[in-house]
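> Next input, structure requested:
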Amino acid sequence: MSTKTVHVKNCLLGYGYASLIAYHKLLKTNNHEDILILRNENSTPIFSIEHEGTRFSPLPIFPVEESELYNSDLFDDVPKQDPISVSFSELTNFNYKDHSIEEGSLASFMLSNQGIDQRLCLGLKQWGDSMLSKPFSQVQDKIKRHYISKSGNTRIGYVNGKSIFKYAINKLNPEVLNYSNIQKIDIEKKEVHTNDYIIKYEKLISTIPFHYLLDLCGLKHNHNTDFASAYFYFFKYKTGFKENQVVYDCDFNSDILRVFSIKNDFLLAQLRSDKHGQIPVEKIRKRVQELAPTIEGLEFAQELFVPMCYPLELITEPSTLESIARLKENEVVPFGRFGEWGYSDLHELDWSNIF
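Predicted structure coming up:
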């Protein structure tokens, strides 16, 4: 089968919230035919999933009310919603003195900057014992931005079980080209080679994991690519837990990090990802009932494991930094949480980089 050639001004590699919002922003100075999204046909983006006819956004991704992104035209004609309501259960079965904490670790950072409170307990449940010895510099950076800086961080809740971001991207009608495999990216010739196409671009904006991009481009890298996963159980119920409530579970013996009511009759429990496949459903159901005792008719619906959710270490390794410079010299822009390998939310991205 012959290879087809496609010419495009702006090529977006990756199909997720970051690339779709980038598409919308690029339309301010381009036409639809100037922009093309390359989507891997073998992977399904988790914008929404379904259970017994109920379609919902499974990942707790919330716009921030004070952000420039939320107040942009992306959210014109999108349903309005109140912020989420956040509470913490009582801190129990936890004493930081039971743990050996190394200087320079994430745990050491949290102790010195946030004190001994629920967040250290929750951190150990989310990141595991490695945070007692490793810096997890991306997480430290996130804590500084979101909690220590005191900047506006009001999170807007779901509407009818879906993230507001889902309603925003539903308005878009992007040009998309599916591929099954990328053979290489020639940054000198400005070409993406797939099994069926050669895409000739003027600018390439990549939201795929950063080290994958460097491999495709044949560029050196030796940075820390550690990441953390996310693990969820979903439950349906009849009544007793109003939508957009988030309860953080501060019992160190519990495997639950937080419970979020997606709708008035559907919720997720985010669990310790290091115990993927090991947590009895009934144990979680009972604990959810304790955290929200007014719930009635609580029944397990399904589970979801997302392998790559949180980059853990900042990029500081010299050869990788040199490769980043090479990319930028050749109009290749790593972008988004995984594209830039930065533990950032959508409203924190520097959207000017895509132009």
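> in the protein, which helix or strand is least confident?
helix 106-114 (a mean of 85; mean pLDDT, DSSP states H and E).
> for that helix, packing partners?
helix 118-127, helix 137-143 (3 or more Cβ pairs under 8 Å, 6 or more residues apart in numbering; DSSP states H and E). For every residue, glycine as well, the C-beta is placed using N, CA and C.
> So what touches the helix or strand just after the shortest one?
Which is helix 137-143. The helix or strand immediately downstream of helix 137-143 is helix 164-170, counting by DSSP states H and E. Residues lying outside helix 164-170 but in contact with it, judged by Cβ atoms under 8 Å, 6 or more residues apart in numbering, are 17, 20-21, 24, 47-48, 57, 61-63, 74-75, 78-79, 81, 156, 158-159, 346.
> same deal with stretch 248-261?
60, 84, 86-94, 118, 121-122, 124-126, 241-247, 267-272, 275, 279, 283-284, 287-288, 291-292.
> again, 6 Å this time
For stretch 248-261, contacts defined as Cβ atoms under 6 Å, 6 or more residues apart in numbering pick out 60, 88-89, 91-94, 118, 121-122, 125-126, 241, 243, 245-247, 267-272, 275, 279, 287-288, 291.
> Pull it out as CSV, backbone CA atoms only.
Output of stretch 248-261 as CSV, limited to C-alpha atoms (Å, rounded to 0.1, in the frame of the first residue of the first chain):
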residue,chain,number,x,y,z
TYR,A,248,-10.7,13.1,51.7
ASP,A,249,-10.2,10.0,53.9
CYS,A,250,-7.6,10.7,56.6
ASP,A,251,-7.7,7.3,58.2
PHE,A,252,-4.2,5.9,57.4
ASN,A,253,-5.5,2.4,57.6
SER,A,254,-8.1,3.0,54.8
ASP,A,255,-7.2,2.4,51.2
ILE,A,256,-9.4,5.4,50.1
LEU,A,257,-7.8,8.7,49.2
ARG,A,258,-11.0,10.6,48.4
VAL,A,259,-14.6,10.1,47.5
PHE,A,260,-16.2,12.3,44.9
SER,A,261,-20.0,12.4,44.1
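> what pLDDT, on average, does that stretch get?
Averaged over stretch 248-261, pLDDT sits at 97.
> That stretch: which residues count as buried?
Of the residues in stretch 248-261, 248-252, 254-261 count as buried by neighbour count, 16 or more other Cβ atoms under 10 Å.
> just for the chain, where's the confidence low?
1, 114-116, 148-150 (pLDDT under 70).
> the longest strand in it is where?
Counting residues, the longest strand found in the chain (DSSP state E) is strand 299-311.
> of the helices and strands packed on helix 106-114, which approaches Met110 most closely?
helix 118-127 (5.1 Å; Cβ to Cβ).
> For the residue nearest to the spatial centre of the chain, give me its contacts.
Centroid check for the chain by Cα atoms, centre = their mean gives Cys309 as the closest residue, at 5.4 Å. Cys309 sits next to 229-230 when contact means Cβ under 6 Å, 6+ apart.
> Kindly format the C-alpha coordinates of the least confident helix or strand of the chain as PDB.
The C-alpha coordinates for helix 106-114 follow below in PDB (Å, rounded to 0.1, in the frame of the first residue of the first chain):
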ATOM      1  CA  LEU A 106       8.700  14.900  49.700                       C
ATOM      2  CA  ALA A 107       7.700  13.900  53.200                       C
ATOM      3  CA  SER A 108      10.500  16.200  54.600                       C
ATOM      4  CA  PHE A 109       9.200  19.000  52.400                       C
ATOM      5  CA  MET A 110       5.600  18.600  53.500                       C
ATOM      6  CA  LEU A 111       6.600  18.600  57.200                       C
ATOM      7  CA  SER A 112       8.600  21.800  56.900                       C
ATOM      8  CA  ASN A 113       6.100  23.600  54.800                       C
ATOM      9  CA  GLN A 114       2.700  22.300  55.800                       C
END
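> Let me have the helices and strands packed on helix 106-114 in a markdown table, adding distance to Lys328 as columns.
Below are the helices and strands packed on helix 106-114 laid out as a markdown table (distance: least, Cβ to Cβ, whole Å):
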| stretch | distance to Lys328 |
| --- | --- |
| helix 118-127 | 31 |
| helix 137-143 | 21 |
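> could I get these as TSV with distance to Tyr237 and mean neighbour count?
Formatted as TSV, the helices and strands packed on helix 106-114 follow (distance: least, Cβ to Cβ, whole Å; neighbours: other Cβ atoms under 10 Å):
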stretch	distance to Tyr237	mean neighbour count
helix 118-127	24	21
helix 137-143	31	20
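> Can you check which of those gets nearest to Leu213?
helix 137-143 (17.8 Å).
> Break this structure down into its domains, please.
For the chain, automatic domain parsing gives the domain ranges 4-59+163-224+315-354, 85-154+227-311.
> To Ser67, which of these lies closest?
domain 4-59+163-224+315-354 (3.6 Å).
> end-to-end on that closest one?
For domain 4-59+163-224+315-354, the first-to-last residue distance is 26 Å (Cα to Cα, to the nearest Å).
> Report the distance from it to the chain centre.
From the chain centre to the centre of domain 4-59+163-224+315-354 is a distance of 14 Å (Cα atoms, centre = their mean, to the nearest Å).
> i'd like the first residue to be 640 from this point on
Got it, first residue is 640 now, which makes that one domain 643-698+802-863+954-993.
> ok, back up a step: quick one: which of the contacts of stretch 887-900 sit in helices?
Among those, the members found in helices (DSSP state H) are 757, 760-761, 764-765, 926-927, 930.
> for the residues you listed, which one is nearest Asn861?
Gln765 (26.9 Å).
> list the contacts for the closest one?
Leu896.
> which element is the closest residue in space to Tyr654 that isn't next to it in sequence on?
Distance criterion Cβ to Cβ, 6 or more residues apart in numbering; nearest residue to Tyr654, sequence neighbours excluded, is Arg678 at 3.8 Å. Under the criterion of DSSP H and E, Arg678 resides in strand 674-679.
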